[in-house]
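*Asks:* Show me the folded form of this:
(one chain, ligands or ions: 2)
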Amino acid sequence: MTTALIAPPPGSPSRYLTGLAPTPRNVISAVRAFTHIDQTGWAGRGGYPGSDVLWDVTCMIDGWQGLRFYSHLRRNKPLMRHPGCAPLDQHARALAALAAYTTGVCTCRTTHPTTVRDVMAAFDAIDRIRRLGPPDALDRALGRLLDPCPAGTVRAQAVADFASLSH
Ligand SMILES: [Zn+2]
Ligand SMILES: [Zn+2]
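*Replies:* Ligands and ions are numbered 1, 2, ... in the order given. A predicted model of the protein is given here:
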């Protein structure tokens, strides 16, 4: 007996969520968190684990990798981001350079949803895969909402609008 596809076991680590089920509420929190840390020059290495759990992140100013609480990153605390980071007076310029690639339009090869209608379709796809599988399609569906995208801010606004409609 052979299986063509080896699906990850249920509850296995995801690139987008760590220890959190892919419910709409958790995905909405993750979109907010990934977008917020992107704006302050951080990137998630592991999935979003929740606000007060250590998150595996990269400092985009100099590539440092380590664990930080989102509840601190959200408030841009501490100002000295980690031991050995670039001097404080260089941060604003580095963050401006990182922000320079952002646009209002997704130009990615695999497009990301930037309207409420498309965001709704993305959440429907996640819900369908959760119920019907295949499990290995779940990360791809989450990626449409959580992968880096030059239009990430517009996408996050569409997700926030979707959240306010559905709650
Ligand atoms: Zn740094
Ligand atoms: Zn995109």
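*Asks:* how about D56, phi and psi?
*Replies:* Main-chain torsions, D56, degrees, to the nearest 10: phi -80, psi 110.
*Asks:* so what's the closest residue in space to it that isn't next to it in sequence up against?
*Replies:* Of all residues not flanking D56 in the chain, G46 sits nearest, at 3.7 Å (Cβ to Cβ, 6 or more residues apart in numbering). Quick note: C-beta positions are derived from backbone N, CA and C, even for glycine. Counting by Cβ atoms under 8 Å, 6 or more residues apart in numbering, G46 touches P13, R15, T18, W55, D56.
*Asks:* These in strands, which ones?
*Replies:* Residues of the contacts of G46 located in strands (DSSP state E): W55, D56.
*Asks:* among the contacts of G46, who's most crowded?
*Replies:* Taking other Cβ atoms under 10 Å as the neighbour criterion, W55 ranks highest of the contacts of G46 with 25 neighbours.
*Asks:* so what's that one up against?
*Replies:* Taking Cβ under 8 Å, 6+ apart, one finds T18, G44, G46, Y48, P49, L67, R68, F69, Y70, L73 in contact with W55.
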